[in-house]
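In: Build the 3D model from these lines:
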Amino acid sequence: MNLYPKIIKRIIDFLAAFIGLLIISPIFIFLIISLFILNKGKPFFYQERTGKKGKVFTIIKFKTMTDKTDSNGTLLPAMDRITKVGAVCRKLSLDELPQLINIFKGDMSLIGPRPLLPIYLDRYNKRQNRRHDVLPGITGWAQVNGRNTISWEQKFEYDVYYVEHQSLTLDTRIILKTIDKVINRKDINNSENIDMPEFMGTQSEI
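Out: Below is the predicted model:
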């Protein structure tokens, strides 16, 4: 029996989330106040995501964009809605900090495949769906091997690799590489499309 993914990892996640929230509390409070003002009382962004075994949960992130619309009531493009504080949060990945609450609750882990939208559940092939065999994470093997500069199919291959090889050694490598990526701002797509395009599925059924 491999105790690491079944027991030890959850203990590490719980302690890391608890200690992390205590340490970053001054930054956390500053961002809440700043984004509360900029986003008219809405410092947080809530969205349904898919977790372990396909269970849907609500992810928490800092709200980096306003809800500004055009004269027809349609949301403006992402680049026109992102605030200065929001842009800094994204560059430094500070918008992910509230997910420590998700980890504390047991919805997520520090490390694992990124949780995606529930509408994608029917679009994964059998192999891709294995990414739901573990808790989703704030960072993961795909994030340190390309982040949003690689295709969905490549991301899912990295996710499945993680599922099949998760260990303390691999998690340590991911944490160290994540720190390097954030500090040096590597593998970040700086095009006008801030987010990845919608995943429409793959033809392969494997």
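In: Name the SS class of residue 135, please.
Out: When the structure is split into helix, strand and coil by DSSP: H, G, I helix; E, B strand; the rest coil, residue 135 lands in coil.
In: which non-adjacent residue is nearest it?
Out: With CB to CB, 6 or more residues apart in numbering as the measure, residue 109 is the residue that lies nearest to residue 135, at 4.1 Å, once sequence neighbours are left out. In this view, the C-beta of every residue, glycine as well, is placed from N, C-alpha and C.
In: Where is the longest helix in this structure?
Out: As far as residue count goes, and with DSSP state H defining each element, the longest helix of the chain is helix 168-184.
In: what does that helix rub up against?
Out: Taking CB atoms under 8 Å, 6 or more residues apart in numbering as the criterion, the residues outside helix 168-184 that touch it are 4, 8-9, 92-93, 110-111, 139-141, 143-144, 147, 162, 186-187.
In: Isn't residue 63 up against residue 40?
Out: No: taking contacts as CB atoms under 8 Å, residue 63 lies outside contact range of residue 40: 10.1 Å.
In: Name the residue in these two with the higher neighbour count.
Out: A count of neighbours by other CB atoms under 10 Å puts residue 63 above the other of residue 63 and residue 40, at 22 against 9.
In: quick one: the more buried one from residue 199, how far?
Out: Distance from residue 63 to residue 199, counting by CB to CB, to the nearest Å: 23 Å.
In: cool, and residue 118?
Out: To residue 199, residue 118 is 12 Å away according to CB to CB.
In: the helices in this protein, which residues?
Out: When secondary structure is read from DSSP H, the chain shows helices at 3, 9-23, 25-38, 78-81, 84-91, 99-105, 152-165, 168-184.
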